[in-house]
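Undergrad: Test case, fold it:
(one chain, ligands or ions: 1)
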Amino acid sequence: MISELQFLPVPATDLDRIRCNGHDDHGNPLVARESGAGAPLRCCLRLSTDGERIALIAYRPSALGGPYAEVGPVFVHADPCPGYAGPDFPADFRERRAVLRPYDAAGQMLDGVLAEPGTSEGELKQLFDDPEVALVHVRNVIAGCWNFSVRRA
Ligand SMILES: [Zn+2]
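TA: All right, here's what the predicted structure looks like:
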């Protein structure tokens, strides 16, 4: 059931470290900029509104490691923020197309799914019917950028 899934943003401990250091874990400076509306924020799992202070950082989202654990660009709030603790699929990401990339417990990628707007939740539930699936990345369709991870609660 979808209520038994956890939706994982960039963890607060990683954000604290990156904001404190003034650069991401890959040496790129944390440069705050004023956001337009609609940047997908990987800290709070919602789209930005006009005028928020955000930053583009490089982030490696897969704690499983392995060769598939690539680094990519993500928008986060430049300053401390509430994060995301909701039990539900993040509302701002429901009506977006997405690539759902499942991984096994060793971090190897299994078959992916292209989800049309409104179908990501149902597709996720189906992916997790497979006991091999340990983690799923929800990613943007064109650039492939990671939006958030999903695992069983
Ligand atoms: Zn945030």
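
Undergrad: For the closest residue in space to Pro9 that isn't next to it in sequence, give me its contacts.
TA: Nearest residue to Pro9 in three dimensions, chain neighbours excluded: Tyr84, at 4.5 Å (Cβ to Cβ, 6 or more residues apart in numbering). For the C-beta atoms, the positions are set from N, CA and C on the backbone; glycine is no exception. Tyr84 makes contact with 7, 9, 43-46, 90, 148, according to Cβ atoms under 8 Å, 6 or more residues apart in numbering.

Undergrad: Can you get me a residue count around Glu75?
TA: I think there's a mix-up here, since residue 75 is Phe and not Glu. Phe75: 20 surrounding residues under other Cβ atoms under 10 Å.

Undergrad: What is the burial count for the residue nearest to Glu132 when sequence neighbours are not counted?
TA: Excluding the flanking residues, the one nearest Glu132 by Cβ to Cβ, 6+ apart is Asp104, at 5.1 Å. Neighbourhood size, Asp104 [other Cβ under 10 Å]: 16.

Undergrad: Ok, Ala69 next?
TA: 13.

Undergrad: tell me the secondary structure for it?
TA: coil (DSSP: H, G, I helix; E, B strand; the rest coil).

Undergrad: Glu4 and Val10: what is the separation?
TA: Distance of Glu4 to Val10, given as Cβ to Cβ, to the nearest Å: 22 Å.

Undergrad: who has more neighbours, those two?
TA: Val10 (24 against 10).

Undergrad: gap between that one and Asp79?
TA: 14 Å.

Undergrad: Would you confirm that Cys44 contacts Pro82?
TA: Yes - if you go by Cβ atoms under 8 Å, Cys44 and Pro82 touch, sitting 6.3 Å apart.

Undergrad: Which of the residues in the helix ranked longest in the chain are classified as buried?
TA: When the chain is parsed with DSSP state H, its longest helix is helix 12-21. Buried residues in helix 12-21, counted by 16 or more other Cβ atoms under 10 Å: 14-15, 18-19.

Undergrad: Could you do stretch 120-132 as well?
TA: For stretch 120-132, using 16+ other Cβ under 10 Å, the buried residues are 120-121, 123-124, 127-128.
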